[in-house]
Every structure is written in C-alpha cells, then in structure tokens.
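Asks: Requesting a structural model of the entry that follows:
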Amino acid sequence: MNPKLRSLAYRWFLNLAPCIRGGGGRVTYLSEDFTRLNVRLPLSWRTRNLVGTIYGGSLYASTDPFFMLMLTEILGKNFVIWDKGCTIRFKRPARTTVFAEFRITPEMLADVREKVRAQNEADFTWNIQYKDKSGIVYTEFDKVIYVADKSFYKQKLASRS
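Replies: So this is what the prediction gives:
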C-alpha cells in the first residue's frame, strides 16, 4: 500500500479506537514513516471534569498506545513491544485544548536496536508533554516501553510454564 494512504488509514483507525475516541483525543497527524504522531485533546463536555478542567484519565488515555504502535510499525514483526508503565506529572490544570507530539528519532531507534541486539530485551523511557498553542506545558508523561526480540520473548514465556 502507498505509504501516504497507509498512514492516513492508520490514523483513521486510531481515531476510532475506544481508548482514544472515548477519552476525547484525536490523532491529527501521522507521518508516513510512523516516526511522528500528533494528538489534539480539546476541553469539551466529554473531557471536562467537575472543576472545569480536562480529566486526568482523558489526558492519559489519549497518549496511551502510540509509542507502542509506532514502534510496532517501524520495527516489524520480529519484535515484541509493550507499554510497560507511565509516570504522569500534572503541571497545571488544563482549561484549554492541549496538544502532544510523539517523535521517534533515528537516535532513539538506534538505541532500541542496539540494546535489544545486545540484551534481547530492554525498557525505554520516553517523555511526552501536553502543551497549549503557546507552548505552556500542562502535563508530562514518562512512558516506559518494553522491546524484546520475538524469539527470545517466546523462549522466555515458555520457560515460565
């Protein structure tokens, strides 16, 4: 499939996913090579809590799966990739539309490939921020992503049985 059409179709699919749609977020951009993805989360009747700010759950849900999904598309089927954890720091109440940008740089990819080649599995912690249009940070996330060689992972699971 044409890379541009593939990324458009993938973006459309992501926006239908319950964790994204239900939380009020929208994927507004996905690069053809899956190394960049942008999310928009508006303050609306669906995302507004009792004190007039965006629910913490909406903030998290709208960032949850993206690094895992992006890496899966980039690295391919020879790897097992999981979201392993997240630390959230709420900097200020979000009373406006906020935006997050997910980037996987060539350096990040090289680090993943190198560590997984050397250790068969590794955890990576990558930061995301929700900002408004003027760049004010509202929330920071440290996403922990687990990546393993698929054959190693299968052996690891089999040894647990």
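Asks: Centroid-nearest residue for the chain?
Replies: residue 66 (2.5 Å; Cα atoms, centre = their mean).
Asks: Any idea how many residues pack against the nearest residue to residue 9 once chain neighbours are set aside?
Replies: With sequence-adjacent residues excluded and distances taken as Cβ to Cβ, 6 or more residues apart in numbering, residue 9 is closest to residue 1, at 7.7 Å. In short, each C-beta sits where N, CA and C put it, glycine included. As a burial measure, residue 1 scores 7 neighbours (other Cβ atoms under 10 Å).
Asks: which other helices and strands contact the helix or strand bottoming out on mean pLDDT in the chain?
Replies: The helix or strand of the chain with the poorest confidence is helix 18-23; it has a mean of 82 (mean pLDDT, DSSP states H and E). Counting by 3 or more Cβ pairs under 8 Å, 6 or more residues apart in numbering; DSSP states H and E, the packing neighbours recorded for helix 18-23 are helix 56-61.
Asks: the strands in this protein, which residues?
Replies: Shown for the chain, the strands assigned by DSSP state E span residues 26-30, 36-41, 79-90, 98-103, 121-131, 137-149.
Asks: Neighbouring strands - and their directions - for the longest one?
Replies: According to DSSP bridges, strand 137-149 forms sheet pairs with strand 79-90 (antiparallel), strand 121-131 (antiparallel).
Asks: got the angle between the last one and strand 98-103?
Replies: Right, the one you point to is strand 121-131. Counting by axes from the mean of the first three to the mean of the last three Cα atoms, to 10 degrees, strand 121-131 lies at 150 degrees to strand 98-103.
Asks: what do you get for the longest one?
Replies: Angle, strand 79-90 to strand 98-103, by the same axes, to 10 degrees: 150 degrees.
Asks: Go through strand 79-90 and flag the buried ones.
Replies: 79, 80, 81, 83 (16 or more other Cβ atoms under 10 Å).
Asks: thinking again about what came up before, name all residues that make contact with the residue nearest to the centre of the chain.
Replies: 27, 37, 39, 102 (Cβ atoms under 8 Å, 6 or more residues apart in numbering).
Asks: and what of residue 28?
Replies: Contacts of residue 28 (Cβ under 8 Å, 6+ apart): 38, 39, 40.
Asks: measure it to residue 101 for me?
Replies: 10 Å (Cβ to Cβ, to the nearest Å).
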